Every structure is written in C-alpha cells, then in structure tokens.
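Participant: Structural data only, the sequence is not supplied:
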C-alpha cells in the first residue's frame, strides 16, 4: 500500500507540490528542534560564517544582522553530517517514504541544508526554481521541506506558483551574472499567483524541482526553520557539481540500484558554484 493516496499523488503532479502532516515522529521532531536550538546558541560565539563542509566552505552561515544578543543563523549546510537526528529524518522517516511514493521505487539522496528565519530576520528567498541549481539527466527530483517550527502566514512561509513545474525552465543568469533568481518582471507575476504553504511543525512540503517558489522575511517573534532535503530518482544523474557537497550524495534511501540512466530533453545554462556558505549571497547581487 502506498504511503500517499492516489488523490495526493495526483495533486502533487497537478500542482507541483503537496503538504503532508506528521512527516516525522514527535520524538524525532523534538530531537531536530533541540539540535537546531543548540546550533543557534553556539552561533552567538561567532561573528562570521564558520565550520567546514566537504569542499571547505562554511557549514554555518549568518545573516547580516547577526550578533551575540540577537543570533541570525540562517543556513546549516549538510546538517546530516553533524546530527544523527537530521540524518535519520533524511534517510528513515515517513518523509522519505512520501518522496519514494512520488519518484520511486528507487530513490537517491542528493543534498540537504537548513534554511532558518529567526524572529525579525530580514532574510528573504527570491523567486526561482531548484532545477537550474541542480540539473540532472531528467527532472524526477523532489525537494522535501520539513517544517521544524510551525509555519504561519507571517513568519516567512514558502510561497509557490501551482502548476509552474509544467512550464518553462527560467534562467537564473542575468547580464552575465548568476543571480540565483528569475527576472524581476517574472517575479512580480509569480507574486500575483502565489499560494502560501503553512502547517504545524513536523509537516513537510514536497515540491517538484521545477516549481517556481520564494519566501518573504519573518515578521513575527516566532522562528521559522526548514530542513530541506533534495532527492532524485535513481536513474537521474547529476549534470553539474553539488551546490552543497556531502559525503552522503548518491546514497540510496529506497529501492535498489539499476545502473541505468534516463534522459529527458531540455536545455539549460549550467549553474555557478557558490563561493560562500549559501546561495543567499548569489541572490543578493540581483536587485
């Protein structure tokens, strides 16, 4: 029996996203929250991005307003490498089962990060699609955004354009600069059609890799933390370097290896590898 109902699967392929509650157990959710709270406390002792990931870039990224009194930890790269709880959620949770129900039975892990918006954070994510950051031989990729906190209409929720995954792949290059965002004109059109994705902590938003999405700053006194995992079908092969390199890239989380490659026709510019801890700095170039 499938983890998702036929109606849920149909909704995902129609809209390009699906919200599912209780994607992890209550115990695992509490462990995820504790680990992030500890990282936030640790960040008070740092003034710039710190820690190292597989390619030498920082693991913990801080926003411009960060201080010891008001920590602004906005990104944790590859948290699965430093937390048993986050690795378990990525590999062995109901969330993983839901992804397999959509692009399985054979599913690989690609990369993971935490995007956080602490109270009063000015961090916003400009409109984009994930696929231009992580092109593969086919687009059977799902981004799973697990809500570590309650996500409300005001604390910087994910905003999406339903059905946009069935449209064109938009360029993230403008005037010779890789901005990590679509054009301002297109972003305005997206905002007019936007639908917010809200839910209680422990919910997951399963998002097609080509879905247009973004998010606004957190205007509340409550945190908004998302654990973001990217998965692909086993027969989807990466066409560019991983933007968040991890020792677990290519880990088979469901099914078996077939040794086959499936291709679908599309054209896209290769992305630019981020030089800093996150793509927020790339997006900052596009005003």
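Facilitator: Received it, and whenever you're ready, just let me know what you need. Values in this document were obtained by computation on a predicted structure and should not be read as measured data.

Participant: Please, where are all the helices along this structure?
Facilitator: Taking DSSP state H as the criterion, the chain contains helices spanning 6-15, 26-43, 84-92, 94-103, 184-193, 280-284.

Participant: among the ones you listed, which is the most enclosed?
Facilitator: Looking across these with neighbours counted as mean count of other Cβ atoms under 10 Å, the highest average goes to helix 94-103: a mean of 23. From N, CA and C alone the C-beta is placed, and that goes for glycine too.

Participant: So what touches it?
Facilitator: Among residues not part of helix 94-103, those counted as contacts by Cβ atoms under 8 Å, 6 or more residues apart in numbering are 2-4, 9, 12, 18, 20, 22-25, 89-90, 107, 140-142, 144, 146, 204, 206, 229, 231-233, 253-255.

Participant: do the same with stretch 144-155
Facilitator: 23-24, 29, 32-33, 36, 89, 95, 98-99, 114, 117, 157-158, 196-207, 218-220, 222-231.

Participant: tell me which residues of that stretch are tucked away?
Facilitator: Taking 16 or more other Cβ atoms under 10 Å as the basis for neighbour counts, the residues of stretch 144-155 that come out buried are 144, 145, 146, 147, 148, 149, 151, 152, 155.

Participant: Relative to residue 42, how far out is the fifth one?
Facilitator: From residue 148 over to residue 42 the distance is 17 Å, taken as Cβ to Cβ, to the nearest Å.

Participant: Apart from its neighbours in sequence, what residue is nearest residue 72?
Facilitator: residue 66 (3.5 Å; Cβ to Cβ, 6 or more residues apart in numbering).

Participant: Can you get me a residue count around that neighbour?
Facilitator: Neighbour count for residue 66, taken as other Cβ atoms under 10 Å: 21.

Participant: so it makes contact with residue 73?
Facilitator: Yes: between residue 66 and residue 73 a contact is recorded at 7.3 Å, counting by Cβ atoms under 8 Å.

Participant: shared neighbours of those two, which are they?
Facilitator: Common neighbours of residue 66 and residue 73 (criterion: Cβ under 8 Å, 6+ apart): residue 43.

Participant: looking at the helices of the chain, which is closest to residue 123?
Facilitator: Evaluated with Cβ to Cβ, the helices of the chain place helix 280-284 nearest to residue 123, the distance being 6.8 Å.

Participant: Could I get the pLDDT score of residue 120?
Facilitator: Confidence at residue 120, expressed as pLDDT, is 76.
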